[in-house]
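# model this:
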Amino acid sequence: MDPDEVSGLGEGDAAIGDEADDSLPAAREKILTSQRPLLDRLEALCAHEPKA
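Sure thing, here's the model as predicted:
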């Protein structure tokens with residue numbers, strides 16, 4: 001099976017690469033916002049971790 005078929009990315013997608021780069025900061029912000037409670041909990045757990 002062709003790797004491009006598996007990933008869903010083909011040669012035609014290269015033409016919209018610049019457009020996709022513009023949406024990366026927005027996507028990153030959306031992920032950070034949606035995962036903020038989980039990140040806060042992880043930080044709290046790490047703060048209680050004994051230092052080696």
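
# And the strands in the chain?
Secondary structure of the chain by DSSP state E: no strands are present.

# Regarding it, what is its longest helix?
For the chain, the helix that runs over the most residues, judged by DSSP state H, is helix 17-47.

# Now it: average pLDDT?
Averaging pLDDT along helix 17-47 yields 85.

# for that helix, packing partners?
Contacting helix 17-47 under the criterion 3 or more CB pairs under 8 Å, 6 or more residues apart in numbering; DSSP states H and E is no other helix or strand. (C-beta placed from N, C-alpha, C; glycine too.)

# what number of residues lie near L39?
Counted with other CB atoms under 10 Å, the neighbours of L39 add up to 10.

# Am I right that it is in contact with L32?
Yes: L39 sits in contact with L32 when judged by CB atoms under 8 Å, with a separation of 7.5 Å.

# which ones are touching S34?
Applying CB atoms under 8 Å, 6 or more residues apart in numbering, we find S34 in contact with no residue.

# From A27, how far out is it?
11 Å (CB to CB, to the nearest Å).

# CA atoms only for stretch 38-52, dumped as CSV, please.
Provided in CSV are the C-alpha atoms of stretch 38-52 (Å, rounded to 0.1, in the frame of the first residue of the first chain):
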residue,chain,number,x,y,z
LEU,A,38,-5.3,17.9,31.8
LEU,A,39,-2.1,19.9,31.5
ASP,A,40,-2.9,21.7,34.8
ARG,A,41,-3.4,18.3,36.5
LEU,A,42,-0.2,17.0,35.1
GLU,A,43,1.7,20.1,36.3
ALA,A,44,0.3,19.6,39.8
LEU,A,45,1.2,16.0,39.9
CYS,A,46,4.8,16.8,38.8
ALA,A,47,5.1,19.5,41.4
HIS,A,48,4.6,16.8,44.1
GLU,A,49,7.1,14.4,42.5
PRO,A,50,10.2,14.0,44.7
LYS,A,51,13.3,15.4,43.2
ALA,A,52,16.0,12.9,42.4
